[in-house]
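1. Sequence first, then the predicted structure:
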Amino acid sequence: MSVALIGTLYAGATLGAMLSGIPIAFALGAVALAFMLAFMPAASLDTVAQNVYEEMASITLLSIPLFILKGAAIGRSKAGQDLYSAMHAWMHRIPGGLGIANVFACALFAAMAGSSPATCSAIGSAGIPEMRKRGYSGGFAAGIIAAGGTLGILLPPSITMILYAVAAEQSLGRLFLAGIGPGLLLVGLFAAWAVFRFRHEYATAKAALAAGGATSPILAEDRYSMSERFSTLPRVLPFVVLLTGVMVALYGGYATPSETAGLGGILALALIALIYGVWRPRDVDPILAATLRESTMLMLIIGMSLLYAYVMSYLHISQAAAAAIVALDLSPWLLLATILALVIALGFFLPPVSIILMTAPIILPPLKAAGFDLVWFGVVMTITMEMGLIHPPVGLNIFVIKNIAPDIPLSEIIWGTLPFVILMAVAVVILCLVPGIALWLPDLLLPTLK
């Protein structure tokens with residue numbers, strides 16, 4: 001049987017397993033095992049456990065459950081609400097300041113948690129009710145939190161970037177640094193849209209009032225004295241110290257990524273114990289349980305994805321697919337556009353973890369041959385995968401928001417996120433035109449790891 005036919009069967013079986021509703025980890029594992037039975041020596045089944053273990057026996061992957069612990073410790077405390085309250089106090093006078101406050105709070109929380117759903121849940125549980133109370137439309141409130149949550153897989157420490165570093169054999173430190181510039185670019189774009197959308201909703205409410213309609217809460221003005229503003233800073237300062245300490249340890253060369261993840265987890269537990277009194281076993285138990293649950297799920301997906309990629313490589317599917325892409329003789333930018341379109345299509349069905357581990361063996365060799373910097377591409381691919389977090393049918397962040405705000409119709413949430421999908425596409429175009437936005441910081445601080 002030809003490699004092309006085996007590859008077609010492999011893709012078809014994968015799609016069928018995904019659409020059947022089987023959990024992703026089991027779907028990938030079942031397809032891999034079925035093709036091992038059908039097309040590989042019988043003895044290969046005896047080495048499944050060994051292969052999975054060897055693929056996962058990476059010190060870089062060790063950092064994933066530790067970063068999850070750090071995110072769970074912060075997410076299960078009142079840190080998100082404190083961040084939000086402080087940002088709102090300082091930005092309330094800016095048009096759309098409440099929306100901008102949520103964007104910045106999402107960015108800061110994402111930089112501490114490294115998880116998109118955790119960011120959505122922590123900031124959204126406080127931010128969405130406040131925005132609704134002040135007259136913001138449900139779609140606007142939901143969209144800005146859902147989009148802000150996607151920053152969790154771009155700003156360091158990003159679990160998605162950890163996996164990309166393993167798959168692409170790139171420096172994790174450079175990848176983390178490369179995500180900062182584009183992350184700030186997205187924060188700026190999201191904030192600009194928040195101002196634009198607020199002005200539109202404010203003008204609509206004002207026109208309705210002038211026409212004799214009821215007044216809207218969006219027309220009211222909040223006022224905070226300077227003493228009230230400064231009183232919010234002590235609640236944020238410890239978490240800024242946590243973020244700064246982790247970054248200094250990592251980029252200052254004092255600790256490896258795995259050691260930094262452990263340091264971050266310990267510091268986060270210490271901070272919530274000191275600030276919020278979360279230290280008793282009954283208080284810490286939900287944090288540890290959530291960490292264990294999410295880590296187990298994620299590591300199982302990683303293990304099965306690696307087995308899936310191993311079978312794909314053994315059967316020469318990935319090599320043949322990469323060779324076929326190269327044989328198309330596309331120009332570098334057309335090649336990049338084709339690959340990103342593939343990533344967007346996969347985002348309709350798969351989470352970023354599976355997309356990276358399944359596609360890396362196929363798409364990275366042609367991109368490297370075309371002269372693209374794989375660290376830069378990792379950032380571009382991450383932003384492209386972020387779109388999958390806020391567009392249907394999967395759109396994980398959409399369902400997180402729906403869980404937080406069940407009174408907002410799902411259709412309204414989806415329409416509220418679409419402008420941010422467009423803004424992410426704009427950010428990708430900007431990065432293609434000005435790649436230095438991603439590369440200047442790693443080139444400046446880690447030039448020896450090129």
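-> All right, it came through fine.
2. now the helix or strand encompassing Ala321, how far from the centre of its chain.
-> Following DSSP states H and E, one finds Ala321 within helix 317-327. When C-alpha coordinates are averaged (C-alpha atoms, centre = their mean, to the nearest Å), helix 317-327 and its chain have centres 29 Å apart.
3. Show me what the following helix or strand past it is packed up against.
-> Sequence order places helix 332-347 as the next helix or strand after helix 317-327, per DSSP H and E. The helices and strands touching helix 332-347, judged by 3 or more C-beta pairs under 8 Å, 6 or more residues apart in numbering; DSSP states H and E, are helix 317-327, helix 352-369, helix 374-390, helix 410-433. Heads up, the C-betas are built off the backbone N, CA and C, glycines and all.
4. among the ones you listed, which is nearest Leu98?
-> Evaluated over these, closeness to Leu98 peaks at helix 410-433, with 15.0 Å, by C-beta to C-beta.
5. Could you report the neighbour count for the nearest residue to Gly97 once chain neighbours are set aside?
-> The shortest distance from Gly97 to any residue that is not its chain neighbour, by C-beta to C-beta, 6 or more residues apart in numbering, is 3.9 Å, and that residue is Met91. Met91 is surrounded by 19 other residues when neighbours are defined as other C-beta atoms under 10 Å.
6. so who does Met91 touch?
-> Gly97, Leu98, Ile100, Ala101, Phe104 (C-beta atoms under 8 Å, 6 or more residues apart in numbering).
7. Surely the second one is in contact with Lys133?
-> This points to Leu98. No. With contact taken as C-beta atoms under 8 Å, Leu98 and Lys133 are classed as non-touching, separated by 9.8 Å.
8. contacting residues around the closest residue to Glu386 other than its chain neighbours?
-> Counting by C-beta to C-beta, 6+ apart, Thr150 is the residue found nearest to Glu386 once chain neighbours are left out, at 4.0 Å. For Thr150, the residues meeting the contact criterion (C-beta under 8 Å, 6+ apart) are Ser116, Glu386, Leu389, Ile390, Asn397, Phe420, Met424.
9. ok, now with 10 Å
-> Thr150 sits next to 106, 110, 116, 119-120, 186, 190, 352, 382-383, 385-390, 396-397, 417, 420-421, 424 when contact means C-beta atoms under 10 Å, 6 or more residues apart in numbering.
10. Likewise for Tyr202?
-> With contacts taken as C-beta under 10 Å, 6+ apart, Tyr202 has the following neighbours: Pro95, Gly96, Gly135, Tyr136, Ser216, Ile218, Leu219.
11. tell me the pLDDT at the residue nearest to Gly97?
-> The pLDDT attached to Met91 in the predicted structure is 78.
12. Okay, it and Ile100: tell me how far apart.
-> Distance, Met91 to Ile100, by C-beta to C-beta, to the nearest Å: 5 Å.
13. Give me the common contacts of those two.
-> By the contact definition C-beta under 10 Å, 6+ apart, Met91 and Ile100 are jointly contacted by Ala191.
14. and Glu412, how many residues sit next to it?
-> Other residues near Glu412 come to 17 when the count uses other C-beta under 10 Å.
15. these two touch, right, it and Arg132?
-> No. At 11.7 Å, Glu412 does not count as touching Arg132 under the criterion of C-beta atoms under 10 Å.
16. any weak-confidence spans in the stretch 351-450 of the chain?
-> Using pLDDT under 70 as the threshold, the predicted model of the stretch 351-450 of the chain has low-confidence ranges 393-394, 448-450.
17. now with 90?
-> 351-366, 368-370, 385-414, 441-450 (pLDDT under 90).
18. Compute the inter-axis angle for the helix holding Ala321 and helix 332-347.
-> Helix 317-327 and helix 332-347 are oriented at 140 degrees to each other (axes from the mean of the first three to the mean of the last three C-alpha atoms, to 10 degrees).
19. mind putting the contacts of Tyr202 in TSV, neighbour count included?
-> Listed next are those as TSV, based on neighbours: other C-beta atoms under 10 Å:
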residue	neighbour count
Pro95	13
Gly96	25
Gly135	18
Tyr136	27
Ser216	17
Ile218	17
Leu219	13
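20. Among those, pick out the one closest to Ala327, please.
-> Ranking those by separation from Ala327, with C-beta to C-beta as the measure, puts Gly96 on top at 49.9 Å.
21. how close does that closest one get to Ile401?
-> Counting by C-beta to C-beta, the separation of Gly96 from Ile401 is 19 Å.
22. Pick out the residue nearest the middle of the protein.
-> By C-alpha atoms, centre = their mean, the mean C-alpha position of the chain lies nearest to Ile153, the distance being 2.4 Å.
23. Give the next helix or strand downstream of the lowest-mean-pLDDT helix or strand in the chain.
-> Least confident helix or strand, the chain: helix 79-91 with a mean of 74, by mean pLDDT, DSSP states H and E. On the C-terminal side of helix 79-91, the nearest following helix or strand under DSSP H and E is helix 97-113.
24. for the following helix or strand past that following helix, packing partners?
-> Toward the C-terminal end, the helix or strand that comes next after helix 97-113 (DSSP H and E) is helix 116-133. The elements that helix 116-133 packs onto, with contact taken as 3 or more C-beta pairs under 10 Å, 6 or more residues apart in numbering; DSSP states H and E, are helix 63-75, helix 79-91, helix 97-113, helix 138-149, helix 281-314, helix 374-390, helix 396-404.
25. OK, contacts around Ile344?
-> For Ile344, counting by C-beta under 10 Å, 6+ apart, the contacting residues are Ile355, Thr384, Met385, Met387, Gly388, His391, Val421, Ala425.
26. State the distance from the fifth one to Pro65.
-> Here Gly388 is placed at a distance of 23 Å from Pro65 (C-beta to C-beta).
27. Looking at these two, which has the bigger crowd around it?
-> Neighbours around Gly388 and Pro65, counted as other C-beta under 10 Å, are more numerous at Gly388. The numbers are 25 against 21.
28. Verify the stated contact: the more buried one with Leu396.
-> Yes. Counting by C-beta under 10 Å, Gly388 does reach Leu396; the two are 8.2 Å apart.
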